[in-house]
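> any chance you could fold what I've pasted below:
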Amino acid sequence: MARYIGPKSRVARKFGDPIYGPDKYLDRKNFPPGQHGMNKKRKKTSEYGLQLREKQKAKYTYGILERQFHNTFEKASRSKGVTGVVLLQMLEARLDNVVFRFGIAPTRAAARQLVSHRHITVNGEVVNLPSFQLKPGDIIGVREKSKSLETIVDSLTTRKYSKLSWLEWDDAQMAGKFMNMPERTDIPEDIKEQLIVELYSK
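Have a look, this model is predicted:
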């Protein structure tokens, strides 16, 4: 499946948010890219524009293309609970996202590659689908043959792991547990999910 492989700092500047992690270019040029980026008299963004911008921000953040994002939204809208919150919970429960959250990979793109290349297990079984939806109680680990892989070792050694209430990591086993679906207040991403719901509801 195609993925965005263009300049990431440009995308971060577009949204004014370091969605791909710390960004020195965003720190230095905290305004939209392009020749009119610094123009203070830019036309006010419409309601539709704000909603579209928020959807694009979520897609870039989690590394998902339009069709898969739309399908995830449809599943969220059919589920019990607040649609916007359920949508973010489903995105957070993706295997590639949890591998990233544990610090097994430095970015979501790198996490997706590890999963696709069969380096990650769920409950002891190799799973190579980045979009695999985890359930509470699932154990996510590094495949035995892959535990000495330089990229994984480096990532776990240098990671800035911020403990999240719905995840539990065991360094000795190189495995972690998906405890439960996160509450909205526990999800660190700065995404206004209600705008996405309003966009798809039109």
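> from here on, contacts and neighbour counts on C-alpha atoms
Fine.
> name the next helix or strand downstream of whichever helix in the chain runs longest, please.
Assignment by DSSP state H gives helix 47-62 as the longest helix of the chain. Once the chain leaves helix 47-62, the next helix or strand it forms, by DSSP states H and E, is helix 66-78.
> identify each buried residue in that following helix, please.
For helix 66-78, burial by neighbour count (16 or more other C-alpha atoms under 10 Å) applies to 69, 72-73, 76-77.
> and of those residues, the nearest to residue 85?
Of all these, residue 85 sits closest to residue 76, with 8.5 Å by C-alpha to C-alpha.
> thought residue 83 was touching that closest one, still the case?
Yes: in this structure residue 76 lies within contact range of residue 83 using C-alpha atoms under 8 Å: 5.6 Å.
> residue 122: what's it in contact with?
By C-alpha atoms under 8 Å, 6 or more residues apart in numbering, the residues touching residue 122 are 138-141.
> could you chop this protein up by domain?
Structural domains assigned to the chain are 8-35+44-90+190-200, 94-180, following automatic domain parsing.
> just the buried ones from the contacts of residue 122, in ChimeraX syntax?
Of these, the buried ones can be selected in ChimeraX as follows, counting by 16+ other C-alpha under 10 Å:
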select :139,140,141
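> inside strands: which ones of the contacts of residue 122?
If you go by DSSP state E, those have 139-141 in strands.
> by mean pLDDT, point me to the weakest helix or strand of this structure.
When the helices and strands of the chain are compared on mean pLDDT, DSSP states H and E, helix 24-28 comes out lowest with a mean of 51.
> rank the domains of the chain by pLDDT, which is bottom?
Mean pLDDT is lowest for domain 8-35+44-90+190-200 among the domains of the chain, at a mean of 81.
> got the CA positions of stretch 188-202 in CSV?
Taking Å, rounded to 0.1, in the frame of the first residue of the first chain, the C-alpha atoms of stretch 188-202 are listed here in CSV:
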residue,chain,number,x,y,z
PRO,A,188,-1.6,12.5,24.0
GLU,A,189,-2.3,13.4,20.3
ASP,A,190,-3.6,16.9,19.8
ILE,A,191,-6.5,16.0,17.5
LYS,A,192,-10.0,17.6,17.6
GLU,A,193,-11.9,14.4,16.7
GLN,A,194,-15.3,16.1,16.8
LEU,A,195,-14.3,18.1,13.7
ILE,A,196,-13.6,14.8,11.9
VAL,A,197,-17.0,13.5,12.9
GLU,A,198,-18.7,16.6,11.6
LEU,A,199,-16.9,16.3,8.3
TYR,A,200,-18.0,12.8,7.7
SER,A,201,-21.5,13.5,8.8
LYS,A,202,-22.1,16.0,6.0
